[in-house]
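Colleague: next come a sequence and a model predicted from it.
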Amino acid sequence: MTRPLRFVVALFAGVLLPSIAFAEILSTEEALSERVLGNPEAPVTIIEYASLTCPHCASFHMETLPQITKEWIETGKAKLIYRDYPLDKYAASAAMIARCAPKDRYFTFVSAFYAQQKNWSSANDPIKILTQLAGLGGMSKADVDACLANEALQDGILQMRLDGQMEYEVNSTPSFIIGGKKVTNMSYADFNDLLEDAAK
């Protein structure tokens, strides 16, 4: 087992046993509702627009976000709102699968997909690998198939991307809105400076 895959197994082991399946996948309305990491009442808001096939997004989630989470989100000073901005059809498919998972497991699925991004995004059959990863989190193949067949969910995710373009002029990933300002990927130190300014 590769180190990244061990990470994914450990990630899912923290939220459920792999053999436990979901009672049911979320409705389209629930699946498209806002996904917030941290206290929804936190004073500082970070809005992230990201694509699950974007290498820079994966780097942010694996390297920078853990420190932001520790210093800002877990302390209640900030929250992160994650919005999908798929750059291709497989990013859209991965986004759909993650949004069909129970809300309390959403960010676990996102983290797992980013951790294994190099493996599934370049595979001959990305959906097969995504289905296997989702299975580690308790989602059956039937659940995945039903989720991917939901055209209203796909339309909603594409609308999320369009809204980002229209409202914030997002045109690349990852893009972040902090204190009303759009910024692109940066070091933790630069993020920290922006968050400090937004907290004033």
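Modeller: The structure has been received and is ready for your questions.

Colleague: centre-most residue in this structure?
Modeller: In the chain, the residue lying closest to the centroid (C-alpha atoms, centre = their mean) is residue 110, at 3.9 Å.

Colleague: now that residue. Nearest residue, chain neighbours left out?
Modeller: Using C-beta to C-beta, 6 or more residues apart in numbering and skipping residues adjacent in sequence, the residue nearest residue 110 is residue 98, 5.3 Å away. Bear in mind the C-beta positions are built from the backbone N, C-alpha and C, glycine included.

Colleague: quick one: that neighbour is in a helix?
Modeller: Yes: under DSSP: H, G, I helix; E, B strand; the rest coil, residue 98 sits within a helix.

Colleague: okay, it: pLDDT?
Modeller: With respect to pLDDT, residue 98 has a value of 96.

Colleague: ok, now residue 138?
Modeller: pLDDT for residue 138: 88.

Colleague: over to residue 151?
Modeller: With respect to pLDDT, residue 151 has a value of 96.

Colleague: what's the neighbour count on it?
Modeller: Using other C-beta atoms under 10 Å, residue 151 has 9 neighbouring residues.

Colleague: now do the buried residues in the helix or strand where residue 67 lies.
Modeller: Counting by DSSP states H and E, the element that carries residue 67 is helix 65-68. For helix 65-68, a neighbour-count test (16 or more other C-beta atoms under 10 Å) marks 65, 68 as buried.
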